[in-house]
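Engineer: Compute the structure for the input listed below.
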Amino acid sequence: MQFSDLPLDSNILKGVEALGFTSPTPVQEESIPLLINEDRDLIGLAQTGTGKTAAFGLPMIQKIDVSKNIVQGLVIAPTRELCVQISNDFKDFSKFVKGLSIATIYGGASMDKQSREIRSGAQIVVATPGRLMDMMKRKMIKINNVSYVVLDEADEMLNMGFKEDIDGILSHTPDEKSTWLFSATMPRDVEKISKSYMTNPLEITVGSKNVGAENIQHVFYNVPERDRYKAVKRILDFNPNIYGLIFCRTRRTTQDVADKLLKEGYNAAPLHGDLSQMQRDKAMEKFRDKTLQVLVATDVAARGIDVNDISHVINYHLPDESESYTHRSGRTARAGKKGVSIAIVSNKDQNKISQIERKIKIKFDAGKLPTGKEICEQQLIGYVEKIKNVKINEEEISDLIPAISKNFEEFTKEELIKRMIGIEFNQLLKYYENSRDIVNDKGSKGARVTSDDHQRFFISLGLSKGLNKGGLLRLICSNTDIDSKSIGSLDLFNDFSFFEVDKKLSDVILENLKDKEYDGNTFKVEIASNEGSNSRSRDRGRSRDRDRDRGRSRDRDRGRSRDRNSFRGGNSGSGGRRR
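Structural biologist: Below is the predicted model:
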C-alpha cells in the first residue's frame, strides 16, 4: 500500500511525499483510514519507532477546520523534547495546508511567547501536561472547544506521575470529543484512563502488547559493580562507528558518565533535566545531525529522541520498570532496521534480566566483553577501511606527492604502515596492553578463575589488621613501583587476602614484598594455588560458622536472662519499675 491509497487530502499527501515517505507503516495503515472516516475513540498500541506520530497527526490535521481560529486539536506528550518533535512533525506534514497554525507549549521556555502563539489563532496545540495545566489556571488557553485529543506515550506520562494533570486537563474538554490514546505498552493505569475518559474505544495493536521489537538483539554483560564504566568504554571502543544512547537511572550518574567520556576524548554529551532548555536543545541538535556520536541520557529526557539509524542502546543500569526497558530499547531498530540493546548488570540486579524476559517476551544473550586485543584489532580494521575508502583530491595533492615521497624513501612499506598505526593507536594500544578481562566471577563456586595474563597472589594480611583495598593497593605499588593499571582484582578476607598482578611482574612482587611490614605487622606473600585458595575459603567458611554458632549461643543466653528478668519484674509487686 502507498500513502496515495489512503483517504488523505492532496495538500497533506503533498507534504508527506515532500518528506520522502511513500509507504505507510502497519500502525499508519490501520489507524489513518479509521480516524479520518469515523469520529470515535481509539487505542493504538505499537512499538516506539513505528510511525505513531503520523498515524494520529495526519488525520488530526485533515479534520481541523482552518476557518476557525480556536483550539480544536490537542496533543499531550510527557516531555518537552517529544513535544517539540511532534510539533515539528505536524508542521512538516501540514506544509502545504493553508491557514493551519500549530502552537507548542512546554516548560523551560517563555510562557508569554507561547501564549501569543495561542492567541494568534492556533488550531492545534502540542503540550506537556505541567505547562498546559499552568496556562489553563492562568486562563491563557481554553480547551473547551477541543474536538480531538491525543495522549501520546500515555504509559510514560503515568510513569512520570502526570495522572492528576491528565485527569485535570481532560475534565475541561467536551464530552463529545474523540480521544486517541497511543502507547508502546498497556499497563493497568493506562487501561484505567481509557475506561475513565474513552467511550467504547477501538483497539489497534501492531505486534503484541508489551512486547519488544523483533529486530533488536538483546545482550547483557555481567560485570563487577566497580567495572560498569570500564565495560561501557570497551563497548564503545569495540564499535568505533557506534551511534548510540547510554541510559542512566539518575541525573547525577548521567552527568558523571558523560563527563568521564568527554574527558577521555569520546564524542559524547549528557541529556537530563538539570540542564537548561538551550543545553538540551543543543545536545539534541548535534545528535540528530550526527556530529555527536553518543548521548548519555535519563529516561525522562530521552522520551523526545525520535532519531533513525541509532545502532546501539546501552543500559548503564537497568530501569526499575520492565516497560521502561521497552521504551529504551525501542530507540534503536527504527523504521524496520536492526539494532542492539545492551544491559550492563552486576550479580545483585541480574534477576531483572529474567523479569524483563518474562514481561516483554524477549530473550537476552549472555555476552562476554571484548578483550583488549580484540578491541585493538577492531579499531585497526576500522582505521584500515577508512584509509581504503578515503576520497582523494588528485588536483590538490598531486603537486605535494614528489616532496612527500622523497621524505619517505628510507622507509619500507611495512615501516610506513607501522608508523601510521603508531600515530593513530599508540595510546589505545598502551591502555589495553596489560588490561585484564572484565568478568564477574563473584558468587561462583570453587577456586577463582584467574585470567591467563594475570597471576594470583596470597598475602597473610586481612581486614583484622586494618587492611582495606586502598591500603593493599598502596602497599603493592609503593614497594614495587608497579603501576596500579597492572594490578587486577583484590579480594580481602579477615586474616588474609588475594590480589592479581600481570604475570610478567611476578618476580618483582615476590622480590620486593619480601621482609616488609604493614602498620608494624610482618606478612608473607606467595603465589596462590587453587588448592590453597579452596582450603582457605573453607577455613573462612568454618570460621564464619563458628562465629555464627557462638552468636546464636549468646543470643540464647541473653534470651534466658531476659526471661528470668521479666519473670522477676512480673512478681515484684509495687517494687517493679513502671514505664
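
Engineer: From one end of stretch 5-16 to the other, what's the distance?
Structural biologist: 13 Å (C-alpha to C-alpha, to the nearest Å).

Engineer: how about it: buried residues?
Structural biologist: Leu6, Leu8, Asn11, Ile12, Leu13, Gly15, Val16 (16 or more other C-beta atoms under 10 Å). (C-beta placed from N, C-alpha, C; glycine too.)

Engineer: now the residues you listed in a markdown table, with secondary structure, pLDDT and distance to Gly44?
Structural biologist: Shown next, in a markdown table, are the buried residues of stretch 5-16 (DSSP: H, G, I helix; E, B strand; the rest coil; pLDDT from 0 to 100; distance: C-beta to C-beta, whole Å):
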| residue | secondary structure | pLDDT | distance to Gly44 |
| --- | --- | --- | --- |
| Leu6 | coil | 95 | 16 |
| Leu8 | coil | 96 | 18 |
| Asn11 | helix | 95 | 24 |
| Ile12 | helix | 96 | 19 |
| Leu13 | helix | 95 | 21 |
| Gly15 | helix | 95 | 21 |
| Val16 | helix | 94 | 18 |
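
Engineer: now those in JSON lines, with distance to Ile204?
Structural biologist: Output for these, formatted as JSON lines (distance: C-beta to C-beta, whole Å):
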{"residue": "Leu6", "distance to Ile204": "15"}
{"residue": "Leu8", "distance to Ile204": "18"}
{"residue": "Asn11", "distance to Ile204": "26"}
{"residue": "Ile12", "distance to Ile204": "20"}
{"residue": "Leu13", "distance to Ile204": "22"}
{"residue": "Gly15", "distance to Ile204": "23"}
{"residue": "Val16", "distance to Ile204": "20"}
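
Engineer: got the contact list for Tyr316?
Structural biologist: Arg228, Val232, Ile246, Phe247, Cys248, Arg249, Thr253, Val257, Val296, Ile344 (C-beta atoms under 8 Å, 6 or more residues apart in numbering).

Engineer: Go again with 10 Å.
Structural biologist: 228-229, 231-232, 246-249, 253-254, 257, 296, 342-344 (C-beta atoms under 10 Å, 6 or more residues apart in numbering).

Engineer: Please apply the same query to Asp507.
Structural biologist: No contacts exist for Asp507 under C-beta under 10 Å, 6+ apart.

Engineer: Could you check how far it is from Thr480?
Structural biologist: 10 Å (C-beta to C-beta, to the nearest Å).

Engineer: do the same with Gly168
Structural biologist: In terms of C-beta to C-beta, Gly168 sits 67 Å off from Thr480.

Engineer: Repeat that for Glu323.
Structural biologist: In terms of C-beta to C-beta, Glu323 sits 51 Å off from Thr480.

Engineer: the more surrounded of these two?
Structural biologist: Glu323 (23 against 19; other C-beta atoms under 10 Å).

Engineer: how about the more buried one, what does it touch?
Structural biologist: 155-156, 158-159, 183-187, 190, 210, 356, 359-360.

Engineer: and of the residues you listed, the nearest to Leu275?
Structural biologist: Glu156 (19.5 Å; C-beta to C-beta).

Engineer: so that closest one is in which element?
Structural biologist: helix 154-159 (DSSP states H and E).

Engineer: Ok, Tyr221 next?
Structural biologist: With DSSP H and E as criterion, Tyr221 is part of strand 216-222.

Engineer: quick check: angle from the very next helix or strand once past that strand to strand 216-222?
Structural biologist: Using DSSP H and E, the helix or strand that follows strand 216-222 in sequence is helix 228-238. Using axes from the mean of the first three to the mean of the last three C-alpha atoms, to 10 degrees, the inter-axis angle of helix 228-238 relative to strand 216-222 is 130 degrees.
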